[in-house]
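Q: Dropping the sequence and predicted coords here.
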Number of protein chains: 2
Amino acid sequence: MSAAALLSNNSIVATQFFTFADFLLENGERLSTVTLAYETYGTLNAARSNAILIAHAFSGDAHAAFFHEGDNRPGWWDNMIGPGKAFDTNKYFVICSNVIGGCAGSTGPSSLDPATGAPYALDFPQITIKDMVAAQKKLVEHFGIEKLYSLAGGSMGGMQVVEWLVSHPHSMLSAIPIATTARHSPQQIAFNEVGRQAIMADPNWRGGNYYNSEIPRAGLSVARMIGHITYMSEKSMAEKFGRRTKADHDTTKFHADFEVEGYLRNRGDFFVRRFDANSYLYISKAMDLFDASGGRHLSEKFYELEAKLLVLAFKSDWLYPAHQSLEIVTACKVSGVPVSYIEIAANYGHDSFLVETERQSQLVRHFLSRVDELIP
Amino acid sequence: MSAAALLSNNSIVATQFFTFADFLLENGERLSTVTLAYETYGTLNAARSNAILIAHAFSGDAHAAFFHEGDNRPGWWDNMIGPGKAFDTNKYFVICSNVIGGCAGSTGPSSLDPATGAPYALDFPQITIKDMVAAQKKLVEHFGIEKLYSLAGGSMGGMQVVEWLVSHPHSMLSAIPIATTARHSPQQIAFNEVGRQAIMADPNWRGGNYYNSEIPRAGLSVARMIGHITYMSEKSMAEKFGRRTKADHDTTKFHADFEVEGYLRNRGDFFVRRFDANSYLYISKAMDLFDASGGRHLSEKFYELEAKLLVLAFKSDWLYPAHQSLEIVTACKVSGVPVSYIEIAANYGHDSFLVETERQSQLVRHFLSRVDELIP
């Protein structure tokens, strides 16, 4: 039995859906109707004061913890969310929703446009991180929650956390941005751009209109492979694969010789079965467009903020390097926001927030217990 | 006038060709005839003791310095090679040849197979770094040179330098491997593999048989874009591009918004006009297969070595990190080979050896002047 299985919750959860009408986007366009797929874990208390919102990363979804009926794999942050875990469902009511623009139940480019009855494809408006957060805010209000106990997320999830702080500075007691940034760097934009180019270079992409034909499998797979390299570290790849060649090594020219090649191809193949290529384009572009500071110093955006922050980064994360987290920390300090910062000595690169969670769990648990002290 | 033009040599050079027959490759296959494209700069002395071999990087060619008649851009290392420069053509006879497997005049997959009269395509045998070096050795012997004064190269050029030390330990007085490794890491293999996948995913690739039809332009361009990101550093990209948007920003969805996106697309477009997709596959695979140590400690391969070494790495180079250069240095020390090592504080990432050459020039010039002391 794997460590992950050993630690997982036995609880069953089902994805739910929340729909609202006439959503005005940051760019001025409107969606006549929006659905968010979401899941909850634990129980909302009578005062509605124990809610924690979890924001997912680029390719994540609403299924953050527990099992879906019949599945043998739990949600993507099941090692962090559950009874007695960092986000303790015995104490907190945890909410996670699929972002707008996504392809796991929320409205996105693969959804049917009510005006035409056909998938939006590239008629879907360019959503932003601010739009993702605005939609989440409606879900939180739907639960009658005025103030979140906390909100947390890694990578693009952390970008949503930072945007919450800027857009809704009075709506949370605390926040935990992890392995993230207030603004995508040219290097981060460049990696996303190459992924988009790989997708759009696939003739099956057809300008985004592939929903009734072959999907751009090859392009999307290449995009995912690039992503996976950036999520790992040089060291974690060396430890995981070394220069070992595949046992079932196909001697056809340019088939996978090395284990690392086979791994990447498998991850790419797996990804195309669950992720929509147009969602890849829209969501990666939303990340690239993200600049929480709006071109000013980030601290100016935090003046009204009433939350306390825990900011986490990982030493081996070269995609979202620690200096980007430190920019958030500096902005807090300049604007008088209480902040704790820890750079965790993990080896797994950017994926550390998902897979190397022991130290992260300790820090989150301790931080959340101190948020309690803020409550009268 | 740009700094590059100001510093360039005014001399004209023409690419020459050296052909030899019946070349036995490392994998046991044979090429009935091999041509190497090469250039020389400076004059071979009567004793044939002043020759320096320059090995090019992945996408380089024989045109390392000076101008081709009518061209306004000099060779790729013109800032390092010429009268009074680091590789001083007033003193040294500098040779550079296009690697076997290449597409700039040397025999490679786009060459005509004498047996069929058609391009080899994927019938070309998988060449290795050792094969590249063996072919260069024949060229050096063609000039009647028994011992090179030095040999130098960055990146894949440095890998050829290391292979020379292993294959021909008595054939040089000195050597300068730059920004390189004795063995490709899983991360380096992974980036190459994604580039190969991008090429092979392009329907125009047609299993390598595209020489009489459309070339796999889109796939090769994506591969090159990935490469360019890895050649730069986070810092150099931030300094070069910031988050500036393109002046002629096309508002079509997913066209290039940011300068960095436009830059990458331009580099990709430029590359497909000069580089053969199958050469990309063969040469990148040769790099991935490279392990100079043959699975043992590298020092064991250096026992017979009679050269002195200058090993250079760059602080901001995350693709060929300094610890890989230090492995070469350690092997020298263990086996008693005189070695100097400098990690240069350059910002340009892996590309530093090509573009940030002032400090590199000083070190190479000083090192080469001390090699003189070895000569009785």
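A: Yep, that arrived. Since the structure is predicted, the reported quantities are computational estimates derived from the model, not experimental observations.
Q: How about the residue most central in space within chain A: what's its closest non-neighbour residue?
A: The centroid of chain A falls nearest to residue A:57 when counting by C-alpha atoms, centre = their mean (1.3 Å). Distances taken as C-beta to C-beta, 6 or more residues apart in numbering or on different chains put residue A:155 closest to residue A:57, at 3.9 Å, once the chain neighbours are dropped. (Glycine included, C-beta is placed from N, CA and C.)
Q: still on that earlier bit, looking at per-residue confidence, what score does the residue nearest to the centre of chain A get?
A: The model reports residue A:57 with a pLDDT of 98.
Q: for the one 5 residues further on, same thing?
A: pLDDT for residue A:62: 98.
Q: Show the contacting residues for it.
A: If a contact means C-beta atoms under 8 Å, 6 or more residues apart in numbering or on different chains, then residue A:62 has A:15, A:36-39, A:56, A:96-98, A:104-106 as its contacts.
Q: Next, format the residues you listed as CSV and append neighbour count.
A: Putting the contacts of residue A:62 into CSV (neighbours: other C-beta atoms under 10 Å in any protein chain shown) gives the following:
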residue, neighbour count
A:15, 16
A:36, 24
A:37, 21
A:38, 24
A:39, 24
A:56, 26
A:96, 30
A:97, 31
A:98, 27
A:104, 20
A:105, 20
A:106, 24
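Q: Mind checking which of those land in helices?
A: Assigned to helices by DSSP state H, none of these qualify.
Q: ok, the residues you listed vs residue B:147, which is closest?
A: Distance to residue B:147, by C-beta to C-beta, is smallest for residue A:56 among the contacts of residue A:62, at 62.0 Å.
Q: How about that closest one: what's its closest non-neighbour residue?
A: Nearest residue to residue A:56, sequence neighbours excluded (C-beta to C-beta, 6+ apart): residue A:157, at 5.3 Å.
Q: Pull the number of nearby residues for that neighbour.
A: Residue A:157 is flanked by 28 other residues according to other C-beta atoms under 10 Å in any protein chain shown.
Q: likewise residue A:295?
A: So residue A:295, with other C-beta under 10 Å, has 7 neighbours.
Q: again with residue A:342
A: Counted with other C-beta under 10 Å, residue A:342 comes out at 16.
Q: next helix or strand past the helix or strand where it lies?
A: Under the criterion of DSSP states H and E, residue A:342 resides in strand A:339-344. Downstream of strand A:339-344, the next assigned helix or strand under DSSP H and E is helix A:352-355.
Q: Identify each buried residue in that following helix, please.
A: By neighbour count on 16 or more other C-beta atoms under 10 Å in any protein chain shown, the buried set for helix A:352-355 is A:352-354.
Q: ok, that helix near chain B or not?
A: No - Helix A:352-355 stays clear of chain B (C-beta under 8 Å from any C-beta of the partner chain), getting no nearer than 16.0 Å.
Q: residues making contact with that helix?
A: Applying C-beta under 8 Å, 6+ apart, the contact partners of helix A:352-355 are A:57, A:76-77, A:154-155, A:178-179, A:312, A:314, A:316-317, A:344, A:346, A:348, A:360.
Q: could you redo the last one with a cut-off of 6 Å?
A: By C-beta atoms under 6 Å, 6 or more residues apart in numbering or on different chains, the residues outside helix A:352-355 that reach it are A:154, A:178-179, A:314, A:346, A:348.
Q: re earlier: please give the centre-to-centre distance between the strand holding residue A:342 and its chain.
A: Relative to its chain's centre, strand A:339-344 lies at 20 Å (C-alpha atoms, centre = their mean, to the nearest Å).
Q: thinking again about what came up before, kindly reformat the buried residues of helix A:352-355 as JSON lines containing pLDDT.
A: Listed next are the buried residues of helix A:352-355 as JSON lines, based on pLDDT from 0 to 100:
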{"residue": "A:352", "pLDDT": "97"}
{"residue": "A:353", "pLDDT": "97"}
{"residue": "A:354", "pLDDT": "97"}
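Q: which of these lies closest to residue B:301?
A: Closest to residue B:301 out of these is residue A:352 (36.0 Å), distances taken as C-beta to C-beta.
Q: if I look at the closest one, how far off is chain B?
A: 16 Å (C-beta to the nearest C-beta, to the nearest Å).
Q: model confidence over stretch A:362-374, on average?
A: Computed over stretch A:362-374, the average pLDDT equals 88.
Q: do the same with stretch A:272-285
A: Stretch A:272-285 carries an average pLDDT of 97.
Q: Name the residues of it that come out as buried.
A: Buried residues in stretch A:272-285, counted by 16+ other C-beta under 10 Å: A:272, A:275-285.
Q: for the residue nearest to the centre of chain A, what are its contacts?
A: Listed by C-beta under 6 Å, 6+ apart, the contact set of residue A:57 reads A:154-157.
Q: Switch the buried residues of helix A:352-355 over to a markdown table; also include distance to residue B:221.
A: Output for the buried residues of helix A:352-355, formatted as a markdown table (distance: C-beta to C-beta, whole Å):
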| residue | distance to residue B:221 |
| --- | --- |
| A:352 | 32 |
| A:353 | 33 |
| A:354 | 32 |
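Q: ok, the residues you listed vs residue A:145, which is closest?
A: Ranked by distance to residue A:145 (C-beta to C-beta), the buried residues of helix A:352-355 are led by residue A:353 at 24.8 Å.
Q: ok, now how distant is the residue located most distally from the centre of chain A from chain B?
A: Distance from the C-alpha centroid of chain A peaks at residue A:251, with 38.4 Å (C-alpha atoms, centre = their mean). When distance is defined by C-beta to the nearest C-beta, residue A:251 is 10 Å away from chain B.
Q: Can you get me a residue count around residue A:155?
A: Residue A:155, neighbours per other C-beta under 10 Å, totals 27.
Q: swap that for residue A:52, sorry
A: Residue A:52: 27 surrounding residues under other C-beta under 10 Å.
Q: And the contacts of the strand or helix carrying it?
A: In the assignment (DSSP H and E), residue A:52 maps to strand A:51-55. With contact meaning C-beta under 6 Å, 6+ apart, strand A:51-55 is reached by A:64, A:87, A:92-96, A:145, A:148-153, A:157, A:160-161.
Q: Convert that strand to PDB, retaining C-alpha atoms only.
A: Extracted as PDB, the C-alpha positions of strand A:51-55 are listed here (Å, rounded to 0.1, in the frame of the first residue of the first chain):
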ATOM      1  CA  ALA A  51     -14.700  28.200   5.900                       C
ATOM      2  CA  ILE A  52     -11.400  27.700   4.100                       C
ATOM      3  CA  LEU A  53     -11.300  28.200   0.300                       C
ATOM      4  CA  ILE A  54      -8.800  26.100  -1.600                       C
ATOM      5  CA  ALA A  55      -7.700  27.400  -5.100                       C
END
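Q: Mind checking the pLDDT average for the helix or strand following that strand?
A: Sequence order places strand A:81-82 as the next helix or strand after strand A:51-55, per DSSP H and E. Averaged over strand A:81-82, pLDDT sits at 98.
Q: same for the following helix or strand past strand A:81-82, what does it pack against?
A: Using DSSP H and E, the helix or strand that follows strand A:81-82 in sequence is strand A:87-88. Using 3 or more C-beta pairs under 6 Å, 6 or more residues apart in numbering or on different chains; DSSP states H and E as the contact test, no helix or strand touches strand A:87-88.
Q: And strand A:87-88, how far out from the chain middle?
A: 18 Å.
Q: Around chain B, pick out the residues from the stretch 1-150 of chain A.
A: For the stretch 1-150 of chain A, the residues in contact with chain B (C-beta under 6 Å from any C-beta of the partner chain) are residue A:122.
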